[in-house]
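A.B. asks: Build the 3D model from these lines:
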Amino acid sequence: MNLENLCHDVIGIVTHTAVFISNELENRVNLNVEVKGRHNYVTHVDKGAEEMLVNGLSALLPESGFIAEEDTSTKRGAKYNWVIDPLDGTTNYIHGLPPYAISVALMADDEIILGVVYEMALKECFYAWKGGQAYLNGKEIHVSKTDKVSDSLIATGFPYTDFAHLSYFMETVRFFMENSHGLRRLGSAATDIAYVACGRFEAFYEYGLSPWDVAAGILIVKQAGGKVSDFKGGNNYIFGGEIVISNELVFDEFLEDVKSIMIR
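C.D. replies: Predicted structure coming up:
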């Protein structure tokens, strides 16, 4: 399997799907918003975009299965599975507020081998494949070289269904507000992670996430020179619902800050 060629084929499918999503934004008053849970929404655009992705990716790799947010396909592959979020940042999209992104990753068994994140408002395509570099619109990208949390701009996401750890989380918000260049919450985890990969953010952390929120970005960050773990410093960050991401230089300090508050 030539992962570089496959990645560019995936980009073609993703950008085609992005045209559909962007066109539908012009008719935002007729989005047919459904409530999946508290503060968790889905529209006909999410479902239509996921169908387009599933159809296109199935044609690329017929033996593959899917781990998809809207369950358009429940097929599981024996080795290969696409992990897809057709519209990460649906709440932003509903309100016409960027960022919102498509996130597509390919897993071979338990390993992510390809990732594409396309942020539609700025038409920025972040991508990487195993053994390659990380790219933004064809140009190689790298994580920042900042080496202290005090000099870092940090991204996070607010919990919207799981409030069990909210009090601890709010402690981290205060800590990073007081001890960094600032804290940002954009509303799209896939975009946050991609921004770590290209050095706009030094670090990102969040709990309550799903694999389709993070899978593509994880590989992009790693290929851009970053590091990833769960809150305990382990490897359960794809399906474990919690993630810490940063450049290599600030990682140990940042992880310790998150862990000391979130893990009691």
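A.B. asks: Only the buried residues of stretch 103-111, if you could.
C.D. replies: Using 16 or more other C-beta atoms under 10 Å as the test for burial, stretch 103-111 gives S103, V104, A105, L106, M107, A108. C-betas here are computed from N, CA, C, even on glycine.
A.B. asks: what residues does it touch?
C.D. replies: Residues outside stretch 103-111 that contact it (C-beta atoms under 8 Å, 6 or more residues apart in numbering): 6, 10, 13-14, 53, 57, 61, 64, 67, 79-85, 88, 112-117, 130, 190, 212-213, 215-219.
A.B. asks: Out of those, which end up buried?
C.D. replies: When burial is judged by neighbour count using 16+ other C-beta under 10 Å, the buried members of these are 6, 10, 13-14, 53, 57, 61, 64, 67, 80-85, 88, 112-117, 130, 190, 212-213, 215-219.
A.B. asks: Among those residues, which lie within helices?
C.D. replies: Residues from these lying in helices, with DSSP state H as the criterion: 6, 10, 13-14, 53, 57, 190, 212-213, 215-219.
A.B. asks: Widest-spaced pair of those residues?
C.D. replies: Across those, the longest distance by C-beta to C-beta is 22.1 Å; it joins L6 and D213.
A.B. asks: what's the spacing between D88 and A108?
C.D. replies: 22 Å (C-beta to C-beta, to the nearest Å).
A.B. asks: ok so, going back, could you export the buried residues of stretch 103-111 to TSV, including columns for secondary structure, distance to Y168 and pLDDT?
C.D. replies: Listed next are those as TSV, based on DSSP: H, G, I helix; E, B strand; the rest coil; distance: C-beta to C-beta, whole Å; pLDDT from 0 to 100:
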residue	secondary structure	distance to Y168	pLDDT
S103	strand	27	98
V104	strand	32	98
A105	strand	29	98
L106	strand	34	98
M107	strand	30	98
A108	strand	35	98
